[in-house]
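S.K.: based on what follows, work out the 3D shape:
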Amino acid sequence: MISVLVVEDEEIMAEAHRIYVERVPGFAVAGVARTGGEALRFLRHTPVDLVLLDLYLPDMPGLEVCRAARAGGLLCDVIAVTSARDLAMVRSAVSLGVSQYLLKPFTFATLREKLNRYARFREEAGEIVAQRDVDRVLGTLRGSSELPKGMSRDTLDTVAAHLRGHPQGVSAQAVGAAAGVSRVTARRYLEYLVELGLAARFPQYGGVGRPELLYRMPMES
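M.R.: Take a look at the predicted model:
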């Protein structure tokens, strides 16, 4: 049985996450913490396998909880559960060992898929004998970390930064001009961010003809 600590400050959300986890075979909720400090105290006395960690807590950022846990030798795995859709936040979470990233709002099916992927990762981790096994196991847990063919990390970061600077929305043509790429290329990067849940598209009506598609970072809940 895989033990889970739910860390969420909103009472209704915490209860929903607890119920979701308990519905997945092979998982059990060891406890629910409403603050970062409470989570760290719980982990020091009750080791768990996995933490569902909200990144916005009333006493400290969730990433600080993760740093403190690592510094204290608490090696539980972490799935970040948050409304944050900032690419820099995602990369910071990954650098701290967050294994998966789950965006609010999410359905039971989405969380179940993440938990089942984590369970498969644990099962397969004991079968590593060669590099291909390492690649296979990490792929099971997190999926491919490579960008789609023909895309670069620098351009993706530039596109994301331009979106953050235009919360009202911006066109693919404007993003392309800022990033030094064509409108078609910019749209490919923008659509990739949409697929990741880090951007949203919406039509802007006005004038004659088809509406223009604009992109922006989703509003945080």
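
S.K.: outline the domain layout of the chain.
M.R.: As assigned by automatic domain parsing, the chain contains the domains 2-142, 153-216.

S.K.: format the ones you listed as TSV; extra columns: mean neighbour count and mean pLDDT.
M.R.: (C-beta placed from N, C-alpha, C; glycine too.) Rendered in TSV, the data for these read as follows (neighbours: other Cβ atoms under 10 Å; pLDDT from 0 to 100):
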stretch	mean neighbour count	mean pLDDT
domain 2-142	17	83
domain 153-216	16	86
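
S.K.: residue boundaries of the strands in the chain?
M.R.: The residue ranges that make up the strands of the chain, judged by DSSP state E, are 2-7, 27-33, 50-54, 77-82, 98-103, 170-171, 200-204, 212-216.

S.K.: so which of those strands gets nearest residue 160?
M.R.: Put simply, out of the strands of the chain the one that sits nearest residue 160 is strand 212-216, at 10.4 Å, with distance taken as Cβ to Cβ.

S.K.: which strands or helices does that closest one pack on?
M.R.: Helices and strands touching strand 212-216, by 3 or more Cβ pairs under 8 Å, 6 or more residues apart in numbering; DSSP states H and E, are strand 170-171, helix 172-179, helix 183-196, strand 200-204.

S.K.: for residue 61, which residues are in contact?
M.R.: By Cβ atoms under 8 Å, 6 or more residues apart in numbering, residue 61 lies in contact with 36, 55.

S.K.: how far away is it from residue 82?
M.R.: Note on residue 61: its distance to residue 82, by Cβ to Cβ, to the nearest Å, is 10 Å.

S.K.: what's the longest helix in this structure?
M.R.: Among all segments of the chain classified by DSSP state H, the helix with the greatest residue count is helix 108-124.

S.K.: so which residues make contact with stretch 16-29?
M.R.: Residues lying outside stretch 16-29 but in contact with it, judged by Cβ under 8 Å, 6+ apart, are 1-6, 8, 32, 50, 52, 81, 108, 111-112, 115-116, 119.

S.K.: let's see it at 10 Å
M.R.: 1-8, 10, 30-32, 48-50, 52, 54, 81, 102, 105-116, 118-119, 122-123 (Cβ atoms under 10 Å, 6 or more residues apart in numbering).

S.K.: okay, stretch 50-67 in CSV with CA atoms only?
M.R.: Below are the C-alpha coordinates for stretch 50-67, written out as CSV (Å, rounded to 0.1, in the frame of the first residue of the first chain):
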residue,chain,number,x,y,z
LEU,A,50,4.1,10.4,-1.6
VAL,A,51,3.0,13.9,-0.9
LEU,A,52,0.3,15.8,-2.8
LEU,A,53,1.7,19.3,-2.2
ASP,A,54,-0.2,22.5,-2.8
LEU,A,55,2.3,25.2,-3.8
TYR,A,56,0.4,28.0,-2.2
LEU,A,57,0.1,27.6,1.6
PRO,A,58,-0.7,30.2,4.3
ASP,A,59,2.6,30.0,6.2
MET,A,60,5.1,29.2,3.5
PRO,A,61,5.4,28.4,-0.2
GLY,A,62,5.0,24.8,-1.1
LEU,A,63,8.4,24.8,-2.7
GLU,A,64,9.9,25.8,0.6
VAL,A,65,8.2,22.8,2.2
CYS,A,66,9.9,20.7,-0.4
ARG,A,67,13.3,22.3,0.2
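
S.K.: in the sheet, who's paired with the most centrally placed residue in the chain?
M.R.: A centroid search over the chain (Cα atoms, centre = their mean) returns residue 101, at 2.3 Å, as the residue closest to the centre. The residues listed as beta-bridge partners of residue 101 by DSSP bridges are residue 80.
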